[in-house]
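Trainee: Could you work out the structure for the sequence below:
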Amino acid sequence: MTNSQDGGHEATAAKRRIDADPTVSASTELAVWREKRYVALGSSFASGPGIAPRVPGSPRLAGRSQRNYPHLVATAAGLSLTDVTSSGATCEHLLRSRQYGQPPQIRSVSAGTDLVTVTIGGNDIGLTPYLLARRLPRPLGLLPPIAKFGDASAAFRRLANVENEIVEVLEAVAAHAPHAHILLVNYLSVLGPEAATDTAVDRHYRHLAESLAAHTESAATRTGAELIDARTPSLGHPPGSPDAWTIDFYVPLPRRTYPGSPCHPTAAGMAAVADLITTRLRTLTPRR
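Mentor: Model prediction:
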């Protein structure tokens with residue numbers, strides 16, 4: 001079932017009711033969440049680009065997977081899900097700006113919402129765009145439209161504002177959904193623990209990712225949202241490891257399948273984040 005949003009536009013959020021698999025019944029702790037309303041907000045590390053299948057009716061560029069962590073959480077807990085996550089989303093897209101024909105994501109949050117997850121901030125500083133731009137073959141990486149994303153100093157400067165931008169998002173969510181539990185989910189790491197073989201690009205990415213994680217945690221503290229720390233355990237599941245949670249850069253080849261988009265979560269990573277969230281939900285009670 002789909003909703004209409006913003007002046008008759010067909011909802012691409014795919015508000016849909018997802019019942020738990022009857023062969024794997026929800027635990028007693030999760031049963032209290034059945035039928036409750038869940039809205040997922042965020043960027044590609046929540047939407048799951050490159051992880052098939054795509055949510056029917058959603059914009060292709062949004063990269064919204066039926067196996068992203070919002071869908072997995074909703075299935076496990078029997079939640080009624082509205083998933084408006086979208087690749088490339090910034091705090092501005094959550095609050096005020098349209099993206100790929102979709103209204104600002106905050107419009108899906110209402111007084112009847114019981115649970116909201118948020119993964120945001122990466123595109124505001126250019127975290128993954130930086131890594132992608134610097135991983136591209138050199139001739140491509142030097143093209144002006146791409147080279148600007150590979151400017152580490154510009155990304156470092158954007159760190160100064162990202163915490164306040166995330167705070168603004170969380171405050172808006174709380175105002176729209178005063179009874180909702182708000183879970184702020186940080187970003188999986190595309191690199192493992194620091195290593196002697198790290199390049200300058202690796203070191204810059206780590207600094208950006210670690211700084212974003214610190215600002216994300218601070219934003220949660222300032223607003224009363226709860227942090228779900230996915231980054232720390234992801235360091236033990238880097239690209240190339242068994243059950244990797246993310247995949248590093250690659251050049252897609254025709255007729256080949258991949259576990260996710262370059263420098264993004266894999267299906268295993270999405271499942272791991274969903275496990276972290278459902279583990280927390282077992283100790284929480286809906287407020288309505």
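Trainee: From now on I want contacts and neighbour counts done on CA atoms only, so please keep to that.
Mentor: Will do.
Trainee: what's in contact with stretch 102-117?
Mentor: Contacts with stretch 102-117, where a contact means CA atoms under 8 Å, 6 or more residues apart in numbering, come from 5-6, 9, 11-12, 36-42, 70, 82, 84-85, 93-98, 172-173, 176-185, 286-288.
Trainee: swap the cut-off to 6 Å and go again
Mentor: With contact meaning CA atoms under 6 Å, 6 or more residues apart in numbering, stretch 102-117 is reached by 37-40, 93-98, 176-177, 180-184.
Trainee: CA-only coordinates of it in CSV, if you can.
Mentor: C-alpha atoms of stretch 102-117 as CSV (Å, rounded to 0.1, in the frame of the first residue of the first chain):
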residue,chain,number,x,y,z
GLN,A,102,9.9,13.5,-2.8
PRO,A,103,8.8,15.9,-0.1
PRO,A,104,11.0,16.6,2.9
GLN,A,105,11.3,13.4,4.9
ILE,A,106,10.0,15.1,8.1
ARG,A,107,6.5,15.3,6.6
SER,A,108,6.1,11.5,7.2
VAL,A,109,6.5,12.0,11.0
SER,A,110,3.4,12.8,13.0
ALA,A,111,1.9,12.7,16.4
GLY,A,112,0.9,9.1,15.8
THR,A,113,4.5,8.0,15.2
ASP,A,114,5.8,5.6,17.9
LEU,A,115,9.4,5.0,16.6
VAL,A,116,11.8,7.0,14.5
THR,A,117,15.2,6.0,13.3
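Trainee: any idea of the mean pLDDT for it?
Mentor: Mean per-residue pLDDT for stretch 102-117: 98.
Trainee: now swap in stretch 130-144 and tell me
Mentor: 83.
Trainee: In it, which residues are buried?
Mentor: In terms of neighbour count (16 or more other CA atoms under 10 Å), stretch 130-144 has its buried residues at 130-136, 141.
Trainee: and it, how far from the chain's centre?
Mentor: Distance of stretch 130-144 from its chain centroid, counting by CA atoms, centre = their mean, to the nearest Å, is 24 Å.
Trainee: In the stretch 1-150 of the chain, mark out all the helices, start to finish.
Mentor: 28-31, 44-47, 69-77, 91-95, 122-125, 127-135, 138-141, 144-147 (DSSP state H, counting those that start in this stretch).
Trainee: In the last one, which residues are buried?
Mentor: Neighbour-count burial for helix 144-147, with 16+ other CA under 10 Å as criterion, is recorded at Ile146.
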